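Visitor: have a look; sequence and predicted model below, questions after that.
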Amino acid sequence: MRGLTQFIADIRGARVRELEEKRINKEMANIRKRFKDGNLDGYQKKKYVAKVIFTYILGYKVDVGHMEAVNLISSPKYSEKQIGYLAVTLLMHENSDFLRLVVNSIRKDLNENNEINNCLALHAIANVGGQEMAEALAEDVHRLLISPTSENFVRKKAALTLLRLYRKHPEVIPAAEWALRIVALMDDTDLGVVICVTSLVMALAQDHLDAFAVCYQKAADRLYRLVVEHEFAATYAYYKVPSPWLQVKLLRLLQYYPPTEDVTLRKVLHEVLQAIMANSAEPSRNVQHNNAQHAILFEAIGLAIHLDTNSPLVTTAAVLLARFISSKETNVRYLGLDTMAHLAARTDNLDAIKRHQGTIILSLRDKDISVRRRALDLLYSMCDTDNSELIVGELLRYLKIADYGLREEMVLKIAILTEKYASTYKWYVDTILELISAAGDHVGDEVWYRVVQIVTNTEDLQPYAAKVVFEYMKSPSSHESLVKVGGYILGEYGHLIANEPGYSPLEQFQVLHSKSQFCVAPTRALLLSTYIKWVNVFPEIKGQLVNVFERYRHVLDVDLQQRACEYYTLASRPDDDELLQNVCEEIPPFPPRESALLGRMNKKHLDTEDKRTWIHGGKDANVEREATRKNTRKLTLGDVNGTGATNGVAHAADAAAGQDATNETINSLLGLELSTSPSSGTAPAFPNMQSAPAAALAEAGIPRLTVNASVDRWYEKLTYTADGVLYEDVQLQIGIKSRYHGHIGQLAVYLGNKVNAPLTSFTTTLHVEDPDAVSVSFAKLATNTIAPRTQTQQLIHIECKKPFSKPPILSVSFLAGSHQTIAIRLPIVISKFVEHVKLGQADFFERWKIIGGPPREAQSIFPIKLDDAGHIDIARQRQVVSGYSLNVLDGLDPNPNNIVAAGILHMSEDGKVGCLMRLEPNREAKLCRITVRSTSEAVAAEMQRLIQKPLGADSIS
């Protein structure tokens, strides 16, 4: 475009700004005229819009070219379309009315098979990304991401575009519903796609942990293949380190979830972390290689701490961290201190960190403020009763020379540590007053509020506090926060020291009143409240106090004037008047409540975009945080199936008045109870899994059961047989073989691919409603691809701990053109852990009588089918009873048609439980009575339900 080139040359050739503006104004006038006249071809529109863009980039306001840019987007030529998209992203803000005109054009480009147009459209959506555009196009971007025909670089851009939209407008992305399909892309063969998708999953999983729970297994598997098996393309090796960016993201993603109880996953992760630490043991001479290894290593240490602070890996990590905090490289020192703070926040034993306390304290004086911040965080987290005085003393000394940007946080942390680890109340008062005196403007109101609260609630401390604050008030310059503390404490407890030399009422008044002229109105209002208290307890200085009230009656500040008038009237009443005494009574103790300082500290940490899985402040703070998070009850399999649980006046006014503090802070001083009782509403429950809303299931990460007559028939039969088909369709066949001994079992799941194409991103997960009753886990991680016409096997280990009624659910998802998910019940029922027992007639009926009737008896009468000859199918009944692991005892019952059986249920925690059964069929009535007795009510009811189902007339097996 020669005209554009000449225009740029003219602008660059302008010697002064006036000439530049003149040339631009001339060009803009020409462009306006051209646009107004119309009849421009695509090339001319492109040229003029490019000039408008260049003018805008130079910083000049432009008010033309918007409509032409919209038209260029619809052009079939790439060069014109590119300029159109560039103009839209630069000239239009997200709420521009012009954007509504381009939505359909962008959608058209997204739906085309031209990857270049796809990318231009994705760039525009990511860069502009307004609410309306996100709502209109999010589905199309998602479709482009999951489409098997999309090019890899298009899918990368689509993932990052969705990430951008989610960060700006999270409400328009149905994250939970898309979870399984997005997570499936973490198995992609292209590591570039995996990196982008992992970035997206990290953002989504922070807000939807349950829905994205399957990503935990994907992340562990990918890390194992990268670190241990070295399965990656050479193009993704950065200085011989396999895709360090992906490793860091995966290690961070794993920390969002609670430590896994799955033995197989823990073993895999342990092997991965061990390999990472071994790779980083010896530093390389190559700086880039070291940087990549360190980035991975620090995240690996963070994950090791998260999984188990007592593991040998963490011991190794502590040795490495000690080396890093003394490193010459600033970045390494920073990361070493931050990771050591994570260790201090999780571990039970701080000895390994305390060995390096001197180095950490020296880091407070590091030349880099970021390192100083991390040193402060580490000292805060590693503080305990043994080293609190040393650490607080060091922090107080450093406070006087600390950066202004660091002082407010230091004050907050010193105040919290002083209160938390105070060995004596006197040390607490000395330290806090020294803090207020040294920090000045950086002391928030929460600090002096808390001092007041503790002094008020500790009677033995009040005389000492009054003396110490009086001595601080004698200094020539006292900060206003100190004056507030002095006014409150001397007003309430000054009379306790008034008879001692040097603390007379007149001296207290002179010291305090000398500070008032340098204070703002709210502080002087508090001092007036102190004076009215003194009128009541120090009659000898009443004259001076009344004079102060008299002077303040004529000030311009309304609050001061009103107080002075009211207090003057009170002070002028007769000495024997009880009103003054009642008004000026001592403030009663405050109700015990959590310090507002901790609340403010936690808010500071919660304001970060990347949600940490831990907070500074030692293990106690993190345990409380975890307990709070667990108290928020989530939807469970039981809910889905309908089995979930059912579901002193003057100073108090001063403290609240005129302060720029939050409501929480003020309420902390007033002693108000802010915590509300939990709602008494019932937990969400649905009649069965099929009636639960899809969004609710997706958010909770609960699979919707695949239900049809064949699946139910196969499942029912496998509850009393050892092997067979569990599921089958045109693409996939699932068969099982099982064996049990005592409370332990093994289930082999055979997964067969029936089609001529591979099943990719193959994922199997187990869902257990009550993990405390039955434990199931895979023996090893499954392969993520099943080749055409082949079969793979997965072994499941089972342990019965207590009686249970809901079988585990196996969820299988894979890509075969589209993403498919199957969720089926595994035939793991309580009868599988029953073993035969031989009993004679006398023993059987003796035990039968000992157990007795309800509630340890479960009985039911149900209709049955007769065989083709019209007889009771005794062979079938015996087969079912034997299939449920009960030993059929022949010859015990006088009626030969009746079946008597016995067995013992084995459980690892609840031990052994006996189970007796009697089946009494009636040919004429076509009915059958089943009676099960057991020493456990739950076992009796469950065994009766299991045996009855396949024997009933409505049985489908």
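Guide: It's in.
Visitor: helix or strand next in line after the helix-or-strand element of the chain with minimal mean pLDDT, which one?
Guide: Least confident helix or strand, the chain: helix 663-670 with a mean of 40, by mean pLDDT, DSSP states H and E. Per DSSP states H and E, helix 663-670 leads on to helix 694-700 as the next helix or strand towards the C-terminus.
Visitor: tell me what that next one is packed against?
Guide: helix 175-184 (3 or more CB pairs under 8 Å, 6 or more residues apart in numbering; DSSP states H and E). The C-beta positions use only the backbone N, C-alpha and C, and glycine is treated the same way.
Visitor: show me the domain layout of this protein.
Guide: Per the record, the chain has its domains at 403-584, 709-828, 833-951, by the TED database.
Visitor: and those: which comes nearest residue 43?
Guide: domain 709-828 (42.9 Å; CB to CB).
Visitor: name the helix or strand for the residue most central in space within the chain, please.
Guide: Centroid-nearest residue in the chain: residue 206, 5.3 Å away (criterion: CA atoms, centre = their mean). Here residue 206 sits within helix 191-207, counting by DSSP H and E.
Visitor: what lies in contact with that helix?
Guide: 145, 152-153, 155-157, 159-160, 162-163, 166-167, 170, 173, 175, 179, 182-183, 185-188, 212, 215, 219, 222, 232-233, 236, 243, 245-246, 249-250, 252-253, 256, 610-611 (CB atoms under 8 Å, 6 or more residues apart in numbering).
Visitor: residue ranges for the helices of the stretch 751-900 of the chain, please.
Guide: 841-851, 874-883 (DSSP state H, counting those that start in this stretch).
Visitor: of those, which approaches residue 532 most closely?
Guide: helix 841-851 (78.7 Å).
Visitor: from the contact counts, what lies against that closest one?
Guide: Partner elements for helix 841-851 (3+ CB pairs under 8 Å, 6+ apart): strand 911-922, strand 927-934.
Visitor: which residues sit against it?
Guide: 839, 857, 889, 891-892, 900, 902, 914, 916, 918, 933-935.
Visitor: please apply the same query to stretch 403-421.
Guide: Against stretch 403-421 from outside (CB under 8 Å, 6+ apart): 369, 372-373, 376, 380, 383-385, 388, 391-392, 395-396, 398-399, 402, 427-428, 431-432, 435, 439, 442-444, 446-447, 450, 454, 595, 597-598, 600-601, 604, 617.
Visitor: mind redoing it with 7 Å?
Guide: Here stretch 403-421 makes contact (CB atoms under 7 Å, 6 or more residues apart in numbering) with 369, 372-373, 376, 380, 383-385, 388, 391-392, 395-396, 399, 402, 428, 431-432, 435, 439, 442-443, 447, 450, 595, 597-598, 600-601.
Visitor: just the buried residues from those, in PyMOL please.
Guide: Selection of the buried residues among the contacts of stretch 403-421 in PyMOL, burial being defined by 16 or more other CB atoms under 10 Å:
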select buried, resi 372+373+376+380+383+384+388+391+392+395+396+399+402+428+431+432+435+439+442+443+447+450+595+597+598+600+601
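Visitor: count the residues that sit near residue 454.
Guide: 19 (other CB atoms under 10 Å).
Visitor: with adjacent residues omitted, what lies nearest to residue 60?
Guide: Spatial nearest neighbour of residue 60, excluding adjacent residues (CB to CB, 6 or more residues apart in numbering): residue 24 at 6.0 Å.
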